[in-house]
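In: I'd like to go over a predicted model; first the sequence, then the structure.
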Amino acid sequence: MAKRKRIPKETQTQLLVQSRRRCCLCFGLNQDLAEKRGQIAHLDGDSSNNQLDNLAYLCIPHHDQYDSRTSQSKGLTVDEVKAYREQLYKALALSAPDSDKAPASTEISRIAQIGNPIIRILRGVRASRIFQLGGGRIEVTQTHPTREE
């Protein structure tokens, strides 16, 4: 294994801002979007590979679990972490107030045109944050009643 190289400050900053210090495994496994104390993990196990695609922000328990090798149970895989990381980044992008994909205070009754029955149930609710969690599930935070038109 190559000697550990310090992750460049710009790369660290980009990763921390993109993840908003959310653990991609907490999100992928439990839909947990809470900020976590964590570390930057080298997904391929090579601490000299500081390419952004090889790095992920993981909470301390998940980083420990990821780096551990077990003989009986199936450990976390690189592809699994990368998939959860992409899901997290998409969810965070959709929840960003300046996102062009899901602007703040989107009226769910207008989004209902996509045909999702879960969203139709929420007609008449105004939400400032909408998260698509996958599997047809959504999470709506900061809801406000709207007048029926």
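Out: Ah, there it is.

In: my guess is residue 91 meets residue 27, correct?
Out: Yes. Contact criterion C-beta atoms under 8 Å: residue 91 and residue 27 qualify, at 6.8 Å. Where C-beta positions appear, they are placed from N, C-alpha and C, glycine not excepted.

In: overlap in contacts of these two?
Out: Residues touching both residue 91 and residue 27 by C-beta atoms under 8 Å, 6 or more residues apart in numbering: residue 33.

In: the more surrounded of the two?
Out: More crowded of residue 91 and residue 27, by other C-beta atoms under 10 Å: residue 27, with 24 against 21.

In: Look up how far residue 33 lies from the nearest residue to the more buried one once chain neighbours are set aside.
Out: The spatially closest residue to residue 27, leaving aside those adjacent along the chain, is residue 88, at 4.4 Å (C-beta to C-beta, 6 or more residues apart in numbering). Using C-beta to C-beta, to the nearest Å, we find residue 88 at a distance of 8 Å from residue 33.

In: Would you map the strands across this structure?
Out: Along the chain, counting by DSSP state E, strands occupy 38-42, 55-59, 106-107, 125-134, 137-145.

In: check contacts around residue 44.
Out: 54, 78.

In: circling back to that earlier point, neighbours of the residue nearest to residue 27, how many?
Out: When neighbours are counted by other C-beta under 10 Å, residue 88 comes out with 23.

In: any common contacting residues for residue 88 and residue 33?
Out: In contact with both residue 88 and residue 33: 22, 27, using C-beta under 8 Å, 6+ apart.

In: nearest spatial neighbour of residue 26, skipping sequence neighbours?
Out: residue 32 (4.0 Å).

In: low pLDDT regions in this structure?
Out: 1-2, 96-149 (pLDDT under 70).
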